[in-house]
Each structure stands twice: as C-alpha cells, then as structure tokens.
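> Based on what follows, work out the 3D shape:
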Amino acid sequence: MIIYIDENEENKRVDSFLSEIIPDVSRSKIQNLIKSGLVKINNTIKKTSYLLKENDKIDIEIPEQKEFCIKPQNIQLDVIYEDENMIVVNKPSGMLTHPTAQERENTLVNALLYRYGQNLSDINGEFRRGIIHRLDRNTSGLLMIAKNNEAHKILAEQIKNHTVIKKYHSIVKGVINEDEFEINAPIGRNPNQPHKMAVRDDGKPSKTMIKVIERFKDATYIELTLITGRTHQIRVHMKSINHPVYNDTLYGAGQGKVKTDEQVLQSYFLRFTKPFVDEIIELQIDLDEKLKKVLKYLKANN
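As a prediction, this is how the structure comes out:
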C-alpha cells in the first residue's frame, strides 16, 4: 500500500496517522511494522515518532492482511460539474470526505465508488479514491474529484500553486468593523490538542482574505477567500481575531441561539483550469440550509 502525504497531514506522527486511516490495524501494530522495516518513508526506514512532511511517500506492507475494501453505497450525490476527467460535487454538511479507521461508511468516497466504480484516481490510496482536497465533516460545499491519476496530478498542482480560487460564506460571532482585510498568520498543529490546529510562529504560512457582506447585532456575515489551504484554516484564523465561526464549538464559539450541526461555513465558489484544456471553469452554488437558517434568525432579530 502506498500513501502520499498532503499539506493537511504535515507534522503528524507516522504511527498515529497510519493507525487513524488504516482499518483494523492498531497503533501498536503499526509501531511494530515500522520497527520491523515494513513501513518506509521515501524509501527509508524511519522512527515511529517521525513527523510527516508534505509529499512524503509512505510504502507500507501489512503481512497476511486482506485487501482493504471500501463499500460502495447508493448515496445521492449533488454533482455540480462533470467532464471526462473530473467531477465537482456539493458535499453536504455532516458527511466525511473519506473513510477513516473509525468510520468506513456513509462518506463521500462510498458514494463515489457506487456511482463511478474504479473510474477514480488512486494516488492517495483506496480509501481516498478520487479525493484531491477535503472539506471538514460539517463544512458543506464544492469539492473537486479526479477520475484518473493524470487529472489528479494537474488539479493538485493547481491547488499547490494557489491558482485554484476557493471562496466561502460564513457567519461569525461578533461585529467586524473593517469592510475588507486579510489575516496572514502561520498555522500548525496544536501541541496540547493534536486534533486541533492553532496560529503559531513555527506554523506554515497561511493567508485568508475577508470581506464583510452584512453586519448584525452580535454577528457578521462574511465572504472568505483562501489564498492557502491549511487544515481548519478559516476556523483557526477567525478564532485568532476573536470572531469564531458561528456554532464552531471546537474553536470556542459555543452553540448559538440557532442550533446547527457545528460550524456555519460553506465552500460556495470554485474557479480552476479544466485538466488538459486551457479553459477556466467557474462554479457557484446557493446558500446551504445552515446559512439560510441562521441568516433568517439574525435578520428577524437585528
């Protein structure tokens, strides 16, 4: 099994990362495999505590292990764009992008496998077929999927070079006074809570552009443009200026008066170059139900 590391998985311990994503293989077993030389990173044997870097290639051999099989499931997909090489779907809030060791069903990949079978890129392994980039479970919106490895490489390169434009809508706590501004603050893994990210001096450069759409009594409706694409970037950046995303309990917002399944955040706009063709594709979708619900309440009580 070969796995390539993207920027969202940097600074994770290799043993912890592999135990999270490989079904039915414990962390202790992963550690034994590493110590036995059955896990190689960039063709070299590393320690169990090795911290992953972007573009690392992990080659793992699991003796007497059945081939991992992700179950195709007939889950409705909201396909916004499709051609012979790629798809753009509108991922609903509450859906994982791909399976993990803990959850192997009802993810976007399960739905993709049912509809497209093996006609999906496999650069990132069996349980991330087609997946080029991700959205958090409770963030909805536009997500690119590759049907083959060559298209995957082209689109991943666009993301790496920041030529893909991704815009989000969100509601955040508190009133933002500036009309337009940027947050340029490095993001890395929170050393005390590894499931979270944080602004930290030794983090990776991270930039978010913010534009105010509408202000309310104690909240602000904003548009955000990602210049970089770090894990939890918008959520971490908004927390760092004391305007956490509405209902984002992981990053300190708490539950607002309007209950939703966590953060009110939607990837609503996507601009990219179509693989193998010099053609710009621009896609935009309507507000999701969470945003509509919270905006309706805020407008009525402003």
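> Check the secondary structure at Leu113 for me.
helix (DSSP: H, G, I helix; E, B strand; the rest coil).
> Give me the pLDDT for the nearest residue to it once chain neighbours are set aside.
Take Leu113 and drop its neighbours on the chain: the residue closest to it by CB to CB, 6 or more residues apart in numbering is Pro72, 3.9 Å away. Where C-beta positions appear, they are placed from N, C-alpha and C, glycine not excepted. Looking at Pro72, its pLDDT reads 96.
> Enumerate every residue touching Pro72.
Taking CB atoms under 8 Å, 6 or more residues apart in numbering, we find Pro72 in contact with Asn110, Leu113, Tyr114, Gly117.
> Need the buried ones from these selected in ChimeraX.
Filtering these down to the buried ones (16 or more other CB atoms under 10 Å) takes a single ChimeraX command:
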select :110,113
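> With respect to Val236, which of the contacts of Pro72 is nearest?
Nearest to Val236 among those, counting by CB to CB, is Asn110 at 28.6 Å.
> close enough to count as contact, that closest one and Thr97?
No - the pair Asn110 / Thr97 is not scored as a contact, 10.8 Å apart, by CB atoms under 8 Å.
> domains in the protein, as residue ranges please.
As recorded under automatic domain parsing, the domains making up the chain are 2-60, 79-161, 166-267+290-300.
> Distance to Glu282 and mean pLDDT added to those, as TSV?
Below are these laid out as TSV (distance: least, CB to CB, whole Å; pLDDT from 0 to 100):
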stretch	distance to Glu282	mean pLDDT
domain 2-60	24	84
domain 79-161	10	94
domain 166-267+290-300	10	95
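> Switch those over to TSV; also include distance to Val277.
Shown next, in TSV, are those (distance: least, CB to CB, whole Å):
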stretch	distance to Val277
domain 2-60	25
domain 79-161	9
domain 166-267+290-300	20
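> Of those domains, which is nearest Glu279?
domain 79-161 (9.7 Å).
> hang on, the earlier thing: nearest to Pro275, of the domains of the chain?
domain 79-161 (4.3 Å).
> What is the distance between that closest one and the centre of its chain?
Here domain 79-161 is found 10 Å from its chain centre; the criterion is CA atoms, centre = their mean, to the nearest Å.
> what about that domain, how long is it end to end?
With CA to CA, to the nearest Å applied, domain 79-161 spans 25 Å between its terminal residues.
> and if you look at stretch 278-293?
Stretch 278-293 has an end-to-end distance of 39 Å (CA to CA).
> Just the buried residues of that stretch, please?
Ile281, Ile285, Asp288, Lys290, Leu291.
> would TSV of the residues you listed with secondary structure be doable?
Output for the buried residues of stretch 278-293, formatted as TSV (three-state DSSP):
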residue	secondary structure
Ile281	strand
Ile285	coil
Asp288	coil
Lys290	helix
Leu291	helix
